[in-house]
Structures are given as structure tokens and as C-alpha cells.
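Undergrad: fold the following for me, if possible:
(2 chains)
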Amino acid sequence: MSATALRTSFISQGLRRALSSRIAATLAYPHGVDRYVESFAPTYSLSEVRAEVTALRHQTDDSVTMTLRPNGNWQGFRAGQYLRLTVEINGVRRSRCYSPANSVHAADGLIELTVKAHAGGFVSKYLQQNLRVGTIVGLSQAEGAFALPEMRPSRVLLISGGSGITPVMAMLRTLCDEGRYGSYRGQITFLHYSNAAKDQIYAAELTEIAARYPNVQLLRGYVETNQGGELNGRFCRAHLNAVPDYAEAETFLCGPPGMMKAVQKLWADEGLAERLHLEHFAAAPAVIDTANAEGEVRFARSERLARNSGGTLLDQAEAAGLKPESGCRMGICHACTCRKTSGRVRDTRTGEISDAGEGDIQICISVPVGTVTLDI
Amino acid sequence: MTAIQKNTFSSLTPAQFAAIGTAFDAIRNRMRADLGERDATYIRTMIKRQRQFEVAGRVMMMIPPVWPAGVAALSVSKILDNMEIGHNVMHGQYDWMGDPALNSKNFEWDSADTSRNWKITHNYEHHTYTNVLNKDHDIGYGLLRMSTDQKWEPRFLANLPLTVLLHSFFQHFVAVQNLKVEEVLIYKTKTGAQLKEEFKPVWKKMRKQLAKDYVLFPLLAGPMVPMVFAGNVLANLARNVWACAVIFNGHFPEDVEQFPESVIENETRGQWYVRQLLGSANFSGGKLMHIMSGNLSFQIEHHLFPDLPAHRYAEIAPEVRAICEKHGLPYKTGSFASQTLSTWKRIAKLSLPSGKSGKVSARKANDQGLAPMALAA
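TA: Residues are numbered from 1 along each chain as shown, chains lettered A, B, ... in the order given. Have a look, this model is predicted:
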């Protein structure tokens, strides 16, 4: 570390200590130190992870690859893990999970996310079309058990499909970096499926890596014909002929549901389930039936379950013996607002149906549409 | 007022109530659907200005030549924090943004009152039971006589001086409002032990507020300790008086109606809207007046749509007025000065047992099942 860097880090640590002090907290009461500092340093925070978008590129027509510079609260990640990215779209915060695709050894400390815009994807479409360099986004710390083990396996098989490539890309890049430093000497097979060559993200880099690292075997499968891949069509048993020792490998899998099911079945049939690690990245779409009350209401924190009676969630919670905070019971006072962790609800005043994701709702005027989980 | 006033709460038919309810619901739904970046930018800009005023005010207070400017800036900051930001954010006006810093569940304001207690007495009791006697504690705050239907007691002879006291220490009166201190001191329906228990969280908040304004910031000023202390007293006083005046103007000018408890039995949405309308009054002013009053200059619109971002009330007001005119209902408004004068006249008259001011909806039992009101005084 240079002298200037040392001095800068000394100053920033001193500043941090001062801002975290009880005196600073009392002076900034009740809003908190962050709420003052953020007016002139929008990425600075004492506790929250925030990041600035520093670069954007479009590898394919329907994707965006963004580079993020996180603030000092980011604790890093293990290759394969995901984070929750929060962006504000038309005044409303939206969060989605994405897996960083960069090597955990990246010296610049930047995070790289690649997002594919899919047809019904409100957030992914926004990111692909409207995100700008300089935007401040919110991040969670990295989460998830799908990650390279600390003891690196000597034989690794990475299988991915479509945009499921991102977590295994992080694994590949990490292992390649470790190979370059001499700490990793294992064999890696990278088996990736996509529809057509033009849709494939990280195509050029994969070719480069395969050419540069003798321990990396690259196998590309395309659904469309004449795409120049090593394999044709979707995943099948025959494709594994190119990986004769797949049974000895630790296999990491991430892709669309159909493909994941096929791989899982084969591994289970051959008694290899323990060597298969996987990450689901696309939830099956929820089916809505507004005609009758269906599904159940789950009160997660109090661990209670009730059949959906069709009444408001507040009534149903009370019928289940719970006493959530409430007030006017007509959507005025917001005393009953609580966290919905999943499921759709209908606003009794407007008939509007919410999205299925996490969000705050007023339970006195919300009727469940199918199964709903509340954090009460 | 140009409208031909021909209707009152009791002369409206169920069909008219339903039509009014539908008309207001339509405004609300249209506005909710339109919320977006404009509103997010508005509230964030307000917060930014408030922080700038606060920092500037606290610094200037430590420098003798600009001390008056410092007091003014801190007063503005506290008023913005309480009115246009705190009051409105805690109503859930910005909950839809999903920003934890602007969420009614988390937000705390620069006031002695805890956000939790405020949301009970204000968002729930005052906004649900607006101007319903015995239900809406804002009618007199347990301290004053604000209606002829409140039985006269000798203590109400002090109605006027107590009103001055309430204005001066408004943040502390509001802080203990949810404790209903009069139930211990006067009516003996509550024990001192109960009160002590309920006071704990309030004291915790008060203590932090006092420590910040009257210990830490004065100490930071070194030799300027007394000046900074005095500056904070003045800024808190300015905020107290202003906030109290704005709130009184919203509900207590003489032509604003109060309602008996019976009105809320089986009340329909349409009836609720009309009660909000008749129980509130606006005052006129420019853009600055609206911002500094937290847009409570549009008290009527605020009571009809308490969870719509308040800066939108100005846009809605002409439509609300048109609905009132269509149904022959009054839309009460006047200048800040005339509304204040009218409010103080009401308070003065009610300090005496014969006080007949404060328009009371003395309704006859009718087909809407509204019980007649017993005039107590």
C-alpha cells in the first residue's frame, strides 16, 4: 500500500469511527447519520450496501452487463452466490436476485452482473433498457449455499443454460485466476446450453478462456442447428459422452427449470445426487383464479396456517387468533401495514391485484388471491 | 363562497351519499394510479432542503452576527420536518415507494412525540373519528372546551390562557396526548401507575430530543452555549406555535361541524367522506404557505385522502370543490388570519357555560338511523 493510500484509509477509518459514535447518533437523532451524509455522498452509508453503476455493455440484444462499485460495507461473495439488487423504477423500489459473474479475486473490487431481459420481466427489462452509468443502486450482502466449496474440488463440471450462466461463470473465472496463481490444478468442464450463438452471453470470453487454459474443456450446446457448438439440441445422456468422468466431478448446475429437471433426474438415477449442487433462478409463474377463495394464508412469524376464507387478511389473521396492529379497518390509517413475503392480494377498494413478490400491504383492505404468506 | 348551500349531513339521501362516495373514490383511484417519480422527487427534494436548513441553522446559531438567521433556518427546518415531511410520511403517503427511509412504519420525526403514539392518536383516532365527540381527542386535547356538547366545567374558564399554553408547548402536549392525562388528573378513570408505565417510551424519546437541542449542540458551540440554547428554545417555540395554529385552523373555525358518537354506527364510506368534508376547513395562501403548513392548508382534501401525497392536494382541490357544489355541500375556506380569528372566537365563547358557539350538528332522528343529539350545555 502506498503512503497516500495509507493516509486515505486512515482518514476514512477515522471518519467512519466518528460518524458511528454515540455523539454523532445523538446529533443526528432521530433521522440517523446516514440520512444526512447521503445528501452529499449518495453511496456512503454506515450499514447499508450501496453501489454506483460505473459501466454498462450489451453483449447480446436482450441483455445488459453492468459493473458496480460497491461501498465499503460490501463483504464480498463466494463464487456462485447471489445478491439482491434494488433499483427505483418510477419512484418505486424493486428488488431482484442476481448472481455476480466476476471472479472473487477481481483486484478492482467491482461487481459484475449480467441480466437478461425476459418477456414478462418488469425489472430486467428496465435494467436492460433504462439503466444509466452513475445510478446508485442498493445491494444486499451475498447469500446462498450454491457456491464453490473452500476446499476446491479437483474435478469440476459446470452446467448452465441461458442466463443461468452467471453464477458458474463466477466459478470458472475464480478457478482460472487460482490456476494462474498456481493454487488450483484441477480439471474443469464448462457445459453450457443456449438457443443460438447470437443469444449467448460471455461467448467470446469462454472461447478465450478455453484457448488459454489447458485444464478447461468448453462444451457448447445450441437448440438451433448450425450454430457451431460442440453439441446439438437440449441436454441429454449422450452429451455426457464428451465428459466420461462426470461421475467423479463435483457438478454445479444452474439453468431453466426443464433443463435442471433433466440433469437432476439423470444424476439421481445414477446415485450421484450428492455430487450435484444446484441453483434455481426462475420461479414457476403463479396461476390466479379470482372466482373463489383458494389456497391458504400463512402467518410466518407466528407459525400459523389458515385456509383462505376469502375475507380480508386482517379478519383472517384475527380469526386465526392473532392480534396484528390495526386501526381504522378501512385503509385510512396504515396502522395494519405489514410485510407480505409472497402471494397476490386484491385491494378491496380498487379491485387491483398486487404482484406476487415481497411488499408492504394494508391487511385491512387486502384479500388474498390464492396462497399468501405474511410476516406476522 | 358561491355555492348554493342547500344540503346538510342529515338532509342527504343514501343515494346521494353513495354518489359522493363514488366520486371521491374515483379521484383517489386515479391519483393512486398516477403516483410515481414526480412524487418521489418531490419528497426527496423536501428532505434535502430540510437537511440544508437544519445544518445551516445549527452552524449559523454559533456565529453571533448571523444568530437570528440561524434561529430562522432551524425553525424552518423543524417546521418542514414535522409538517411536510414527518406528518405526511407517517400517514403512509409514501409507503408505495418501498423506501424504508420514507416508510410510515419506520419514520421518526424531530418532535418529542413518538411516531408510534402519533399514529394512534392522529392517523387512527383523529382521522377515522374526525370531529366525533369523545372519540376524536384532537377536540381540545383533553385540555380545552371546543364544543357546546362538551359539558362545561369551571376549569374551562381558563380556555384562552390554556390555548396559549397548548400552542407554546405543542410538541410536549402532543407527546403525552395518547396518555390521556386528564383521565388521571380530572376524571380519575386511570391510575397513576398506568400513566407512569405509558410515559416510559415517551420519556425515552423526549430525553433524546432534549439532549440534542439543549445539551449537545449548545456544548458544541463552546462560548456560545447560552445563545445556542436560546436559539433552540426559539426554534422549537416557533415550530410549536405554527403547527398548533395550522391544526386548529383545520378543524376549529366556527362553521366547522362536530358530530355525535351515534353518527359512526354503520357509517357508509360516503357518509365518512361527507363527515370529513364538513369537519375540516382550508385556508388560502401561496405555494410557500402550502409547503410550510405541510399542505394542511388543504385540510379538507387531506381528510378525504389522508394517504395521498399532500403536494397533490392542490391539484385535486378544484374537483373536490366541484363535487361539493354539485351536492350543495359547503366547502369551507378563508384566509389564514380569518380562520385563526374565528377559531379563537370559538375558544373564547366556549370558556363560559352559556357558550353557544361551535356549530353542532343537532340532527333529528331520520331514515338514516342517526340518533338526535342531546345538547348537554
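Undergrad: regarding chain B, what is its longest helix?
TA: Across chain B, the longest stretch assigned as helix under DSSP state H is helix B:225-251.
Undergrad: distance of the closest residue to A:Val216 other than its chain neighbours relative to chain B?
TA: Once flanking residues are discounted, A:Val216 sits nearest to A:Ile188: 4.9 Å by Cβ to Cβ, 6 or more residues apart in numbering or on different chains. From N, CA and C alone the C-beta is placed, and that goes for glycine too. Using Cβ to the nearest Cβ, to the nearest Å, A:Ile188 is found at 41 Å from chain B.
Undergrad: and A:Ile188, how many residues sit next to it?
TA: Residues near A:Ile188, counting by other Cβ atoms under 10 Å in any protein chain shown, number 23.
Undergrad: next: A:Glu352.
TA: Residues near A:Glu352, counting by other Cβ under 10 Å, number 12.
Undergrad: from the middle of its chain, how far away would the helix-or-strand element of chain B with minimal mean pLDDT be?
TA: Least confident helix or strand, chain B: helix B:182-185 with a mean of 90, by mean pLDDT, DSSP states H and E. Centroid displacement of helix B:182-185 relative to its chain, using Cα atoms, centre = their mean, to the nearest Å, is 23 Å.
Undergrad: close to chain A: what parts of the stretch 51-200 of chain B are there?
TA: Residues of the stretch 51-200 of chain B found near chain A (Cβ under 8 Å from any Cβ of the partner chain) are B:51-52, B:55, B:91-92, B:95-99, B:101, B:103-105, B:108-110, B:119-120, B:123-124, B:127-128.
Undergrad: going through those residues, which ones are buried?
TA: B:51, B:91-92, B:95-99, B:101, B:103-105, B:108-110, B:119-120, B:123-124, B:127-128 (16 or more other Cβ atoms under 10 Å in any protein chain shown).
Undergrad: low-confidence ranges, chain A, go.
TA: A:1-3, A:281-292 (pLDDT under 70).
Undergrad: so what's the residue nearest the centre of it up against?
TA: Closest to where the C-alpha atoms of chain A average out (Cα atoms, centre = their mean) is A:Cys97, at 2.1 Å. A:Cys97 makes contacts with A:82-85, A:281, as judged by Cβ atoms under 8 Å, 6 or more residues apart in numbering or on different chains.
Undergrad: go again using 6 Å as the cut-off
TA: A:Cys97 makes contact with A:82, A:84, according to Cβ atoms under 6 Å, 6 or more residues apart in numbering or on different chains.
Undergrad: would you put the C-alpha positions of the helix or strand containing B:Asn29 in CSV?
TA: Counting by DSSP states H and E, the element that carries B:Asn29 is helix B:14-34. Provided in CSV are the C-alpha atoms of helix B:14-34 (Å, rounded to 0.1, in the frame of the first residue of the first chain):
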residue,chain,number,x,y,z
PRO,B,14,-78.4,7.3,0.9
ALA,B,15,-78.2,7.6,-2.9
GLN,B,16,-76.5,11.0,-2.6
PHE,B,17,-74.1,9.6,0.0
ALA,B,18,-73.3,6.7,-2.4
ALA,B,19,-72.8,9.1,-5.3
ILE,B,20,-70.4,11.3,-3.3
GLY,B,21,-68.5,8.2,-2.1
THR,B,22,-68.1,7.0,-5.7
ALA,B,23,-67.0,10.4,-6.9
PHE,B,24,-64.3,10.7,-4.2
ASP,B,25,-63.2,7.1,-4.7
ALA,B,26,-62.7,7.9,-8.4
ILE,B,27,-60.4,10.8,-7.6
ARG,B,28,-58.4,8.6,-5.1
ASN,B,29,-58.0,5.7,-7.5
ARG,B,30,-56.9,8.0,-10.4
MET,B,31,-54.3,9.7,-8.2
ARG,B,32,-53.0,6.4,-6.7
ALA,B,33,-52.5,5.1,-10.2
ASP,B,34,-50.6,8.2,-11.2
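Undergrad: please spell out which residues along that helix are buried.
TA: B:16-17, B:19-21, B:23-24, B:27-28, B:31-32.
Undergrad: just checking, what packs against it?
TA: Using 3 or more Cβ pairs under 6 Å, 6 or more residues apart in numbering or on different chains; DSSP states H and E, the elements in contact with helix B:14-34 are helix B:269-278, helix B:313-326.
Undergrad: most tightly packed of these?
TA: Highest mean neighbour count among the helices and strands packed on helix B:14-34 (mean count of other Cβ atoms under 10 Å in any protein chain shown): helix B:269-278, with a mean of 23.
Undergrad: which SSE is immediately downstream of that one?
TA: strand B:282-283.
Undergrad: state the mean pLDDT of the helix or strand following that next one.
TA: Downstream of strand B:282-283, the first helix or strand assigned by DSSP H and E is helix B:287-292. Taken as a whole, helix B:287-292 carries a mean pLDDT of 97.
Undergrad: flag every buried residue along helix B:287-292.
TA: So for helix B:287-292, counting by 16+ other Cβ under 10 Å, buried means B:290-292.
Undergrad: quick check, nearest of the residues you listed to chain A?
TA: Within the buried residues of helix B:287-292, proximity to chain A (Cβ to the nearest Cβ) peaks at B:Ile291, which comes in at 18.6 Å.
Undergrad: which non-adjacent residue is nearest the closest one?
TA: B:Glu84 is the one closest to B:Ile291 (Cβ to Cβ, 6+ apart), at 5.6 Å.
Undergrad: surely that neighbour and B:Met46 touch.
TA: Yes - using Cβ atoms under 6 Å, B:Glu84 is in contact with B:Met46, at 5.4 Å.
Undergrad: re earlier: dump the least confident helix or strand of chain B to CSV, keeping only the CA atoms.
TA: What follows is helix B:182-185, C-alpha atoms only, in CSV (Å, rounded to 0.1, in the frame of the first residue of the first chain):
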residue,chain,number,x,y,z
GLU,B,182,-56.9,14.3,32.1
GLU,B,183,-58.3,10.8,32.8
VAL,B,184,-55.8,10.6,35.8
LEU,B,185,-55.9,14.2,36.9
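Undergrad: if you count neighbours, what's buried in stretch B:35-46?
TA: Here stretch B:35-46 shows B:35, B:39-40, B:42-44, B:46 as buried, counting by 16+ other Cβ under 10 Å.
Undergrad: chain A: which of these is nearest?
TA: Chain A has its nearest neighbour among the buried residues of stretch B:35-46 in B:Ala40, at 3.4 Å by Cβ to the nearest Cβ.
Undergrad: contacts only, for that closest one.
TA: Counted by Cβ under 6 Å, 6+ apart, B:Ala40 has contacts A:91, B:97.
Undergrad: ok, and it, which helix or strand is that part of?
TA: With DSSP H and E as criterion, B:Ala40 is part of helix B:37-60.
Undergrad: centre of the chain to the helix or strand following that helix, how far?
TA: Moving toward the C-terminus from helix B:37-60, the first helix or strand encountered (DSSP H and E) is helix B:67-80. From the chain centre to the centre of helix B:67-80 is a distance of 21 Å (Cα atoms, centre = their mean).
Undergrad: tilt between helix B:67-80 and helix B:37-60?
TA: Here helix B:67-80 runs at 150 degrees with respect to helix B:37-60, directions being taken by axes from the mean of the first three to the mean of the last three Cα atoms, to 10 degrees.
Undergrad: please state the offset of the following helix or strand past helix B:67-80 from the chain centre?
TA: Counting by DSSP H and E, the element after helix B:67-80 in chain order, helix or strand, is helix B:88-90. Computed by Cα atoms, centre = their mean, the chain-centroid distance of helix B:88-90 equals 12 Å.
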